[in-house]
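Undergrad: whatever this is, show me its structure:
(one chain, ligands or ions: 1)
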Amino acid sequence: MIYMDNAATSFPKPPAVAEAMAYYLNEVGASINRGVYQSAQEAGLVTLQLRQRLCRLLGHGDPTHCILTPGDTWGLNMVLLGALGPGDHCLVSAVEHNAVMRPLHRLAAMGVTFDRIPCDETGRLRLEAADSLFPPNTRLVLIAHGSNVSGTVQDAAALGRLCRARGVPLVLDAAQTAGHIPIDFTGWGLSALAAPGHKGLLGPSGIGVLLLSPEFAKSLQPVITGGTGSASDREEQPDYMPDKFEPGTPNLPGIYGLEAALRWIEEQGVDAIHAREEEMCARFLSGLREIPQIRLAGSWESRNRAAVFSLDFLRRDNAEAAFDLEQNYGVLTRCGLHCAPAAHRALDTFPQGTVRFSPGPFTTDGELQETLAAVAAAAAG
Ligand code: PMP
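TA: Numbers count the residues shown, from 1 in each chain. Presented below is the predicted three-dimensional model:
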């Protein structure tokens with residue numbers, strides 16, 4: 001089997017991830033912030049190390065503002081529902097995932113309005129058009145850093161400058177870029193960044209990260225409240241970080257697994273991971289150019305993109321092509337709309353969707369070539 005679905009979830013993981021999770025479950029077993037015995041202290045230390053590693057990787061200076069969440073969707077909901085209320089306006093991109101659009105439609109039913117920053121045919125945002133989309137009640141701008149359909153990576157630094165000039169917080173959904181591409185939370189002037197642990201961060205599912213700037217953390221309301229093991233004499237949620245946003249017993253197997261994954265990423269270096277991915281993109285794109293019966297949704301550039309490629313098979317049904325790729329060539333892809341109907345509308349692949357190929361850091365050159373040969377055969381019918 002050739003796994004080409006890393007945009008859904010990364011596989012395989014560095015072996016240390018499963019080892020660390022098994023070690024926690026078999027030998028540690030304690031929660032954090034609740035007991036003072038040795039194993040609880042050890043678990044607390046690993047949790048702190050995870051926050052520190054996430055901050056180092058994503059360019060944030062303060063581990064207390066690194067919230068551990070159950071996943072990217074949770075982090076995005078925490079931001080949208082905690083920051084917006086009736087009468088507020090929000091700006092998103094035209095290529096958002098439903099992890100953003102569904103909470104936003106829920107909010108729209110309560111009196112929140114939103115606009116979409118348009119993009120060109122490659123999925124790149126037209127930032128010049130964003131200028132006219134900031135009514136005075138704009139409270140938030142939230143965009144996918146990298147599209148999970150076309151792989152297009154937006155210029156977050158430029159959008160950060162635009163938002164700062166208007167005093168509006170910018171939030172990045174880094175689902176397809178964290179762990180793949182160097183990110184500079186502070187330098188780009190971000191107010192929040194959400195990412196899942198199970199994609200480019202190479203950890204398990206069920207854990208994610210939400211980074212907050214100190215200013216944004218103060219104004220953001222917690223959506224879920226409950227026990228934190230701290231300030232237990234009070235029935236109100238603590239207002240200090242990270243407890244304000246971390247109620248309930250955390251996902252400790254996930255924390256151990258993600259901490260091990262981040263250690264692996266640090267050893268490799270995110271710059272090196274990114275450089276290898278860029279090479280892989282160039283090779284894959286140049287192979288695709290030789291195949292006439294397909295259309296690539298998005299950019300043919302190997303730079304400023306994630307290793308996510310969406311193909312429309314022109315001679316056959318996409319679902320049939322994906323089935324053929326699996327059954328006859330062992331290539332595992334994801335077919336359909338990828339929880340992002342807006343992106344497919346913007347890229348003109350709605351409603352038929354695409355077959356998405358997403359190699360990862362463990363994909364070999366041989367697997368890439370075999371995939372290209374399989375695409376050529378499947379495209380010919
Ligand atoms: N945003 C984007 C751009 C994504 O690709 C995904 C996952 N497909 C999500 C949000 C949601 O991530 P999760 O399902 O891990 O919460």
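
Undergrad: near the ligand, which residues of the stretch 101-250 of the chain show up?
TA: For the stretch 101-250 of the chain, the residues in contact with the ligand (CB under 6 Å from any ligand atom) are 144, 148, 173, 175-176, 196. Any C-beta I mention is one placed from the backbone N, CA and C, and that applies to glycine too.

Undergrad: identify the residue nearest residue 354 in space, chain neighbours excluded?
TA: Spatial nearest neighbour of residue 354, excluding adjacent residues (CB to CB, 6 or more residues apart in numbering): residue 310 at 3.8 Å.

Undergrad: do the same with residue 95
TA: residue 343 (3.9 Å).

Undergrad: which SS class is the one you found?
TA: Of the three states, residue 343 takes helix under DSSP: H, G, I helix; E, B strand; the rest coil.

Undergrad: cool, residue 180 as well?
TA: coil.

Undergrad: so which helix or strand of the chain has the lowest pLDDT on average?
TA: Lowest by mean pLDDT, DSSP states H and E among the helices and strands of the chain is helix 127-130, with a mean of 88.

Undergrad: and it, which residues are buried?
TA: For helix 127-130, burial by neighbour count (16 or more other CB atoms under 10 Å) applies to 127, 130.

Undergrad: tell me how far the closest residue to residue 334 other than its chain neighbours lies from the ligand.
TA: Ranked by CB to CB, 6+ apart and with sequence neighbours excluded, the top spatial neighbour of residue 334 is residue 356, at 4.8 Å. Using CB to the nearest ligand atom, to the nearest Å, residue 356 is found at 10 Å from the ligand.

Undergrad: which pLDDT value goes with residue 356?
TA: Each residue has a pLDDT score; the one for residue 356 is 98.

Undergrad: beta-bridge partners for it, please?
TA: Following DSSP bridges, residue 356 is listed with bridge partners residue 310, residue 334.

Undergrad: where's it relative to residue 197, distance?
TA: Computed as CB to CB, to the nearest Å, the residue 356 to residue 197 distance reads 21 Å.

Undergrad: now the helices for the protein?
TA: Per DSSP state H, the chain carries helices over the ranges 15-23, 38-58, 72-83, 98-108, 127-130, 156-166, 214-219, 252-268, 270-289, 318-329, 341-346, 365-380.

Undergrad: so for residue 208, which of those helices sits nearest?
TA: Nearest to residue 208, of all the helices of the chain, is helix 72-83, at 4.9 Å by CB to CB.

Undergrad: and residue 43, how many neighbours?
TA: As a burial measure, residue 43 scores 23 neighbours (other CB atoms under 10 Å).

Undergrad: and the one residue sitting closest to the centre of the chain, what pLDDT?
TA: Taking CA atoms, centre = their mean, the centroid of the chain lies closest to residue 175, which sits 0.6 Å from it. We have a pLDDT of 98 for residue 175.
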